[in-house]
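# Need coordinates for the below:
(chains A and B)
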Amino acid sequence: MSWLQKLKNGLGKTSAKVTGQLSSLLGRSKIDAASLEEVEDALIAADLGTQSAMRLAASMRKYKFDGPVTSESLAAALSDGITEILEPVAVPIVLRDDARPHVILLVGVNGSGKTTTAGKLAQQWRSEGKSVMLAAGDTFRAAAIEQLQIWGERTGTEVIAGSQGGDAAALAYTAMEKAAATGTDVLIIDTAGRLQNRAELMDELAKIVRVIRKLDDSAPHDSIIVLDGTVGQNAISQVKAFREVADVTGLIVTKLDGSAKGGIVIALAEEFGIPVHAVGVGEGADDLQAFTARDFANALTGASD
Amino acid sequence: MFDSLKDKLQDVFSGLAKRGALSEADVDAALREVRLALLDADVALPVVKSFIAKVRDGAVGSDVLKSVRPDQQVIKLVNDALTEVLGGDAAPLNIATNPPSVILMAGLQGSGKTTTAGKLALRLRSRERKKVMLASLDVTRPAAREQLRLLGEQAEVGVLPEVERETPGQIAKRALQAAKLQAYDVLILDTAGRISIDEALMAELRDIKKLTEPHEILLVADALTGQDAVNTAEAFHNAIGVTGIVLTRLDGDARGGAALSMRHITGCPIKLVGVGEKQDALEDFDPARMAGRILDMGDVVALVEKAAETIEADEAERIAKRMAKGQFDMNDFLAQIRQLQKMGGLGGLMGMLPGIGKMQKQIAAAGIDDSMIKRQEAIILSMTKRERVSVGLLNASRRKRIAAGSGTSVQEVNKVVKQYQDMSRMMKKLGGKSGAAAMKAMMGGGMPGMGGTSGGMPDMEALSKGMGKMPNMPGMPGGLMGGLPKGLPGLGGKPSGKKK
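Numbers count the residues shown, from 1 in each chain, chains lettered A, B, ... in the order given. Take a look at the predicted model:
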């Protein structure tokens, strides 16, 4: 099954709802004020948040429909609106030639899928023939190190690990040294999940970043926040906080193979203009896919390609 | 002086609309605000809609408290309804009398099942002295079983040893057997995270349920979840019949609307909440706190609560007026007793009143103390309406009947009657004077801040300080201050009525 199909299977539930909820609009020549709320509601139910939903719905009023509104033309119109917002932020991770290793730091709240994403990213670059190293920086969660080690075995990647309860910053430093010494192309540093309002845990993360910069002041070259696709409006607070502490440069959205809509990506794009690198659509090593605005928008709205 | 203060308070309130009952327009205006608040808190749209519709029906036509805006009153109603919905059907964990009790943990990937299983094991072992075994049926996520084993060791509970290449069903069977043989009280089964639309994995959960017949099926859900909470809750509930919800990551700053969504969809109580990564960070669910968090309109709710206090103060003022006219009867006496109860008893109140020494003696002589308040209430409630208005009716046989009715003795009934008579005599004495003079009499000579200004008015600042300490002044003897609730706006700063 292609990733797009998986995404659609998941998001399909949403699109069914979008058209279902909007049936009363169908047949009209344009979206009037009264039906605006229905469009808003449909978008809110996809986790866009009230602000983004209202803005997007309002923009639909100006949309010129060719003839009466059909579920297809409505979905296409919404898809256009969403694509327009997401196009500028659909940016893949580009490895820098001048950085060896190119350091990727994965941050985020607990359970968002950082360790799994680390494994998938390793797989992606391994298959491109790059040399990759993983650093098991989640020294807090029980068996997080083992989990990453298993990913290391699966993908044939060396894993730098300390012991549970050890100093994550020190481990990151060691991994940086090793990766530099061996001329490794990409170093992926996993970190412990932390809620963004926990100051002491965020300080620890800041320390990891400081230590990495001691060895390479341009690193981490990508500081990526991993977001759970089921997350709601709290994602805005997450991105804000992690950006401050870890200079987040992009995001990866996971678990979009479920019924979650991931509409929060649209709110985040509007609020921060932060690049969306990839989406996770399954548990397999290959289930991480580049993010493309149109595909995502079509899958979310049920518009045909 | 007293009048000018009262006027000032009325000025504060006159800016606010006063209406008898909530109109549809009031309710709708406020509910628009509430709708956005709930959506921003990630309560799922269908749940918001049905919740608001329910509140709307109850709110239209209900009384508006004096001194709050109608929309504020609606928000308070919403807050109360939210607390009720969230806390309804509250039930502790169902631990079977016939061990082992099986607890099945289910949920999406990354919702915190394994961590919660470990926390729950520790809680049951340390708080309820249960012998607990943990077993992981998660054969999907790398090192998931290792994680549970480590958590089990930390919690000092049993962990089912890992056997290679078993299916979740086989592990479940083996776990149940082991728990029975080794006389465990509780068996906690951790399962693999699964997306809600994966039919194969849901079928697997159903099989595990059939095999183990769990006493509790806990849906572990992330408080950060957005609109998808309804789909998740629905899917799991339809597949395996959830019995309770555990909300994790409540130590984050998410408003946690998922709690309401899931509660609404499953009808299951939220039993526990995760509030940190430490193993003991698992708490009982507090619906009132959760409601406040979701609605995030604490200021408004507090304002309305304060206004409700004002109503009690109004009642006290009414009594005070009746007293002044010598109309103090047993009903008023009962109202006073009840106010006292609410305020934490007489002793506390007396302590808060500056310069009440003289009266304190009189009241002590009358024999009022906190332990008696409940019995006094019972006695008055055993009187007929007529008796309460004209105490003179109370002859020996009536008193006997009242004693029997209230489960007290005739002596105690006599005492209440005596207290009432003493009090009402005192009222009349005070009531004969003008308001200001009565206040002076009340304040005695010991009013702090009065300094040498003998015969002058009490210092307003000192007075307001004294008031700040008083929850509110019910119709205390000479209860002319009865109309002043605590922390009333306009009392704190520099009242215009200040004189020296």
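# C-alpha from now on. contacts and neighbour counts both.
Will do.
# List the contacts of residue A:288.
Going by C-alpha atoms under 8 Å, 6 or more residues apart in numbering or on different chains, residue A:288 touches A:117, A:120, A:121, A:278, A:279, A:280, A:281, A:282.
# Show me these that map onto helices.
Using DSSP state H, the members of those that fall in helices are A:117, A:120, A:121.
# most surrounded residue in those residues?
In terms of neighbour count, residue A:117 stands highest of the ones in helices among the contacts of residue A:288 at 26 neighbours, by other C-alpha atoms under 10 Å in any protein chain shown.
# what's the pLDDT at it?
We have a pLDDT of 97 for residue A:117.
# likewise residue B:479?
34.
# Same question for residue A:142.
Here the pLDDT value assigned to residue A:142 is 91.
# just to revisit the earlier point, restrict the ones in helices among the contacts of residue A:288 to those near chain B?
The subset of the ones in helices among the contacts of residue A:288 within reach of chain B, by C-alpha under 8 Å from any C-alpha of the partner chain, is empty.
# quick one: which helix or strand includes the nearest residue to residue B:49 once chain neighbours are set aside?
Spatial nearest neighbour of residue B:49, excluding adjacent residues (C-alpha to C-alpha, 6 or more residues apart in numbering or on different chains): residue B:35 at 8.0 Å. In this assignment (DSSP states H and E), residue B:35 forms part of helix B:24-40.
# Kindly report the domain assignment for chain B.
B:16-89, B:101-284, B:325-380+B:409-448+B:455-463 (automatic domain parsing).
# winner for burial among these?
domain B:101-284 (a mean of 21; mean count of other C-alpha atoms under 10 Å in any protein chain shown).
# Get me the contact residues on the stretch 1-150 of chain B for chain A.
Counting by C-alpha under 8 Å from any C-alpha, the stretch 1-150 of chain B sits next to chain A at B:36, B:39-42, B:44-45, B:109-112, B:141-144, B:146-148, B:150.
# same thing but 6 Å
Within reach of chain A by C-alpha under 6 Å from any C-alpha of the partner chain, the stretch 1-150 of chain B has these residues: B:42, B:45, B:110, B:142, B:143, B:146, B:147.
# Check those residues and tell me the two furthest apart.
Largest separation among the residues of the stretch 1-150 of chain B next to chain A by C-alpha to C-alpha: B:45 and B:146, giving 38.9 Å.
# between the ones in helices among the contacts of residue A:288, which is nearest residue B:426?
Closest approach between those and residue B:426, by C-alpha to C-alpha: residue A:117, at 79.6 Å.
# Residue A:165 against residue A:138, yeah?
No - using C-alpha atoms under 6 Å, residue A:165 is not in contact with residue A:138, being 8.8 Å away.
# And the two? Which one has more around it.
residue A:138 (27 against 11).
# Closest approach to chain A from the stretch 201-350 of chain B, which residue is it?
The minimum distance from the stretch 201-350 of chain B to chain A, using C-alpha to the nearest C-alpha, falls at residue B:226 (3.4 Å).
# Quick check on that residue: phi, psi?
Note on residue B:226: backbone dihedrals following degrees, to the nearest 10 are phi -90, psi -140.
# Give me the pLDDT for it.
At residue B:226, the pLDDT value in this model is 95.
# any idea which of the ones in helices among the contacts of residue A:288 is the one closest to residue A:200?
residue A:117 (24.7 Å).
# Residue most distant from the centroid, chain A?
residue A:67 (37.2 Å; C-alpha atoms, centre = their mean).
# Can you name every helix or strand that the helix holding residue B:35 contacts?
With contacts taken as 3 or more C-alpha pairs under 6 Å, 6 or more residues apart in numbering or on different chains; DSSP states H and E, helix B:24-40 sits against helix B:70-87.
# How far off centre is the helix it packs on?
12 Å (C-alpha atoms, centre = their mean, to the nearest Å).
# now the angle between helix B:24-40 and it, please.
50 degrees (axes from the mean of the first three to the mean of the last three C-alpha atoms, to 10 degrees).
# I'd say residue B:282 and residue B:276 touch.
No - with contact defined as C-alpha under 6 Å, residue B:282 does not reach residue B:276; the gap is 7.6 Å.
# which neighbours do these two share?
Common neighbours of residue B:282 and residue B:276 are not found (criterion: C-alpha atoms under 6 Å, 6 or more residues apart in numbering or on different chains).
# Which helix or strand contains residue B:108?
Under the criterion of DSSP H and E, residue B:108 resides outside all helices and strands.
# where's it relative to residue A:259, distance?
11 Å (C-alpha to C-alpha, to the nearest Å).
# Please tabulate the ones in helices among the contacts of residue A:288 in a markdown table, including the columns distance to residue A:249.
Listed next are the ones in helices among the contacts of residue A:288 as a markdown table, based on distance: C-alpha to C-alpha, whole Å:
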| residue | distance to residue A:249 |
| --- | --- |
| A:117 | 16 |
| A:120 | 19 |
| A:121 | 16 |
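# So for stretch A:205-215, what gets flagged as buried?
A:205, A:206, A:207, A:208, A:209, A:210, A:211, A:212 (16 or more other C-alpha atoms under 10 Å in any protein chain shown).
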